[in-house]
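# what's the 3D shape of this:
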Amino acid sequence: MGFEIFAMSDDAAALPTREEFLTPFGDAIKSDADGWMQLDFGGIPNSCDVSYSVDDSGFVRGFTVFRPVTSPLLWAAIFALIRDYQFFVMWPGDCAPVVGDSGTPLPQGLADDFGDAIVAQSENDLPRLIKES
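Predicted coordinates:
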């Protein structure tokens, strides 16, 4: 059974362009069309899909990772995005928003509903936090 990781940014000044968004995924991108990307980190158990939304200005505002895999390369890409572009991530379960920068703004009321943001220090924190939620 899979789950999703949801990511959004509430800081228009920090949003990546489509090209900047794709960069951390590197050679793992096997296809990319119309906001839907297939990633392969080395075979069937290490492949997953990512959808992303590009606004009218050409910036990526959010993304969803479907059935994330255990590859450290996926976690490194997600961490780079939350650290460098002030995305916050969440997933189903008992979790507060996770950020890669303590200055990442959250939408009004999010902390009231889910708790204060947790600052990930590295890509290794992401799978650990998922297991703990």
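# strands of this protein, start to end?
4-8, 29-33, 36-40, 47-54, 60-66, 88-90, 98-99, 118-119 (DSSP state E).
# what's the closest of these to Thr17?
Taking CB to CB, strand 60-66 is the member of the strands of the chain nearest to Thr17, at 7.3 Å. (C-beta placed from N, C-alpha, C; glycine too.)
# just give me how far that closest one sits from the chain centre.
Centroid displacement of strand 60-66 relative to its chain, using CA atoms, centre = their mean, to the nearest Å, is 6 Å.
# again, but for stretch 6-14
Averaging C-alpha positions (CA atoms, centre = their mean) puts stretch 6-14 11 Å from its chain's average.
# try stretch 28-36
15 Å.
# can you give me the end-to-end span of it?
End-to-end distance for stretch 28-36: 14 Å, by CA to CA, to the nearest Å.
# next one: stretch 12-31
OK, stretch 12-31 end separation, CA to CA: 27 Å.
# same check, this time on stretch 17-34
Stretch 17-34: ends 14 Å apart by CA to CA.
# and stretch 112-132, by the same measure?
Stretch 112-132: ends 20 Å apart by CA to CA.
# which of the residues in that stretch are buried?
If you call a residue buried by 16 or more other CB atoms under 10 Å, then stretch 112-132 has these buried ones: 117-118, 120, 123, 125-126, 129-130.
# that older thread, for the strands of the chain, give me a markdown table that also has distance to Leu15.
Formatted as a markdown table, the strands of the chain follow (distance: least, CB to CB, whole Å):
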| stretch | distance to Leu15 |
| --- | --- |
| strand 4-8 | 10 |
| strand 29-33 | 18 |
| strand 36-40 | 17 |
| strand 47-54 | 10 |
| strand 60-66 | 6 |
| strand 88-90 | 13 |
| strand 98-99 | 15 |
| strand 118-119 | 20 |
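# right, I'll leave it there.
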